[in-house]
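In: Okay, here's the prediction I keep looking at, along with the sequence it came from:
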Amino acid sequence: DMTSGCAYSKFWSVDGSVEPGPQHFNGEVYADGSCSKYGGGLVQRAGWAVVEMDSPGPAFQSVLSGLAWDTLPQTSQTAEYVPYAAFAQVGSSTATVRTDLS
């Protein structure tokens with residue numbers, strides 16, 4: 001279950017579905033993450049998102065987002081890689097995943 005150990009996960013799709021699946025992430029998919037640092041870096045929380053855009057768009061087709069699993073370090077690096085783990089569980093093998101990682 002993708003949401004196990006996850007403090008928050010949210011899904012939205014233009015087709016009104018309540019659960020994500022490969023039919024939602026099978027085209028042009030973008031994955032990204034970030035980490036917020038509070039109290040001078042003493043408290044950190046990593047978040048992520050996977051978004052499918054319509055072509056020629058830009059219009060959102062599906063959005064899956066959340067916080068990094070509690071068992072992972074709450075860092076920027078974690079935030080950048082967690083969307084891949086989430087996508088691997090719900091996405092299609094025909095999708096093209098784009099990111100700002102090099």
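Out: Right, received. Where do you want to start?

In: Give the full set of residues in contact with the residue lying closest to residue 98 once chain neighbours are set aside.
Out: With sequence-adjacent residues excluded and distances taken as CB to CB, 6 or more residues apart in numbering, residue 98 is closest to residue 30, at 5.1 Å. The way it works is simple: take the backbone N, C-alpha and C, and place the C-beta from them, glycine included. By CB atoms under 8 Å, 6 or more residues apart in numbering, residue 30 lies in contact with 50-53, 97-99.

In: now these: which count as buried?
Out: 50-53 (16 or more other CB atoms under 10 Å).

In: Out of those residues, the closest to residue 69 would be?
Out: Nearest to residue 69, judged by CB to CB, of the buried ones among the contacts of residue 30 is residue 50 at 14.8 Å.

In: Going by contacts, tell me the helices and strands next to the helix or strand encompassing the closest one.
Out: Taking DSSP states H and E as the criterion, residue 50 maps to strand 43-53. Here strand 43-53 is seen to pack against strand 28-38, strand 60-67, helix 76-90 when contacts are counted using 3 or more CB pairs under 8 Å, 6 or more residues apart in numbering; DSSP states H and E.
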